[in-house]
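**Student:** no letters, just coordinates:
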């Protein structure tokens, strides 16, 4: 394994299922669609951050004296924050979450789970969450605690290593199933998932194209993040590879009204996958990315005979933090 030299704790349910989407493939008339179920990784309803946390938490525990507290930051409905809180609870660590903005009037979705998992919540207000996180760590250190800070989305080289290992897992499954994928499509935001996959693809000779559907950044900005993170990840693993922005495929056509703003694209995608395959998407990441994938299929981006994998990065708990109308243009018998 490319990551064998790195400390790792076993906290995710792996390998995650690899499934074909037969009804949706037929309804769309091709291409053949599959899904990688990283919504099934465990840690309080699952998601892609569990893979990253296996390496990040191992590093935290390996610090001199061992850490006793995990600190990270994110939006109020952060999937990463929720999974970090779950990892901390599982391993007997304290957890502090620095969340953007001010507390809402009602707690639901990921925020409710953060509370149930015993995390301490700090609201950043007008202060950048990263700055507030550093202040919290400094305060805890002054109290004699041993905190370990995890960046937004867990997207450091160590976190991205989780998705280097994930592509190795996928290729093992592909060999067992006798399938190959022409494309992998996923939601891309803080960059760790896509960067890790691309590093592994180059190292292992995977020739399929990996398309990140951006959920918040314009493509040029996200490509710069991805190239820097991938180069650092490859360096961490001793692979001696460098990456440039043009090495990454990013589609920013589906940003809509902005990060976390649910539009008809996301609603239609959520209804479509739920009603054809019984699989739930989240409103911020996978809803937007899968909606983008459906639109690309309609526009003829892919050949009908090709095989596409959608990498489900989780976030289902977020459905309960957003108003997803029961009624929409997607009726119960129509695929939008």
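**Tutor:** Arrived safely. Predicted, not measured: the structure shown is a model, and the values here were computed from it.

**Student:** so which strand or helix has residue 230?
**Tutor:** helix 219-236 (DSSP states H and E).

**Student:** show me what the helix or strand following that helix is packed against.
**Tutor:** For helix 219-236, the following helix or strand on the C-terminal side (DSSP H and E) is strand 249-251. Judged by 3 or more C-beta pairs under 8 Å, 6 or more residues apart in numbering; DSSP states H and E, the packing partners of strand 249-251 are strand 209-214, helix 219-236. Heads up, the C-betas are built off the backbone N, CA and C, glycines and all.

**Student:** what does the first one rub up against?
**Tutor:** If I follow you right, that is strand 209-214. Applying C-beta atoms under 8 Å, 6 or more residues apart in numbering, the external contacts of strand 209-214 come out as 182-189, 194, 197-198, 201, 222, 226, 248-252, 254-255, 288-289, 292-293.

**Student:** same question for it, mean pLDDT?
**Tutor:** Averaging pLDDT along strand 209-214 yields 98.

**Student:** again, but for the longest one
**Tutor:** Here helix 219-236 scores 98 as its mean pLDDT.

**Student:** just stretch 295-305 next, same as before
**Tutor:** Per-residue pLDDT over stretch 295-305 has a mean of 97.

**Student:** check stretch 35-47 too.
**Tutor:** Averaged across stretch 35-47, the pLDDT comes to 97.

**Student:** sec struct for residue 172, please.
**Tutor:** Counting by DSSP: H, G, I helix; E, B strand; the rest coil, the backbone at residue 172 sits in helix.

**Student:** which residues does it contact?
**Tutor:** Residue 172 makes contact with residue 15, according to C-beta under 8 Å, 6+ apart.

**Student:** distance of it from residue 123?
**Tutor:** Residue 172 is 43 Å from residue 123, where distance means C-beta to C-beta, to the nearest Å.

**Student:** next: residue 57.
**Tutor:** Going from residue 57 to residue 123 by C-beta to C-beta gives 24 Å.

**Student:** and these two? Which one has more around it.
**Tutor:** Of the pair residue 57 and residue 123, residue 57 is the one with more neighbours under other C-beta atoms under 10 Å, namely 26 against 16.

**Student:** wait, is that one part of a helix?
**Tutor:** Yes. Judged by three-state DSSP, residue 57 forms part of a helix.

**Student:** surely it and residue 72 touch.
**Tutor:** No. In this structure residue 57 lies outside contact range of residue 72 using C-beta atoms under 8 Å: 11.1 Å.

**Student:** excluding its backbone neighbours, what's nearest residue 58?
**Tutor:** residue 7 (3.8 Å; C-beta to C-beta, 6 or more residues apart in numbering).

**Student:** how many neighbours does that neighbour have?
**Tutor:** Residue 7: 14 surrounding residues under other C-beta under 10 Å.

**Student:** which SS class is it?
**Tutor:** At residue 7 the chain is in coil, as set by three-state DSSP.

**Student:** residues touching it, list them.
**Tutor:** If you count contacts by C-beta under 8 Å, 6+ apart, residue 7 has them with 55, 58-59, 61-62.
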